[in-house]
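**Q** Quick one: sequence plus predicted model below, questions after.
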Amino acid sequence: MTLENTSKTKKLALGIFFDAIGYVSIIFPPFDFIWAPASAWLMTKLYKGRKGKIAAAISFVEEALPLLDVIPTFTLMWLYTYVFSSEKKTDETIIDIN
């Protein structure tokens, strides 16, 4: 199973889990050297296209810079994608009844 094909609920659960992993660097700051690029890669796998690349760049910067680790980037991206975005969802099925 690839990450881009996961359901909305699974993406939210993964996002919360990935945000929690990011909090490890508050206790152990050198973890950022591993987690910053990993979080960017995971973001591109969860969210395809331009918005995934932009979110990956934001995630990388947020994890790499000190004191910004408290921002739940994956959860915010999920909210943007599934709650606040006005884009037409691709998982909707439209049935034309004539």
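**A** Great, that's in hand. Residues are numbered from 1 along each chain as shown.
**Q** Which residue ranges of this structure form helices?
**A** Ranges of helices in the chain, per DSSP state H, are 8-22, 24-27, 32-46, 49-64, 73-79.
**Q** so which of those helices is the most packed in?
**A** Mean neighbours per residue, mean count of other CB atoms under 10 Å, is largest over the helices of the chain for helix 73-79, with a mean of 20. Placement of C-beta: from N, CA and C, glycine included.
**Q** Can you pull out the low-pLDDT segments for this protein?
**A** 1-5, 87-98 (pLDDT under 70).
**Q** quick one: the residue nearest the centre of it from Phe31, how far?
**A** Centroid-nearest residue in the chain: Phe74, 3.2 Å away (criterion: CA atoms, centre = their mean). Distance of Phe74 to Phe31, given as CB to CB, to the nearest Å: 16 Å.
**Q** Ok, Gly49 next?
**A** For Gly49 relative to Phe31 (CB to CB), the value is 29 Å.
**Q** and if you look at Ser86?
**A** 36 Å.
**Q** same question, Lys10
**A** For Lys10, the distance to Phe31 - CB to CB - is 25 Å.
**Q** do the same with Tyr23
**A** 10 Å.
**Q** okay, these two: which has more neighbours?
**A** Phe31 (18 against 13; other CB atoms under 10 Å).
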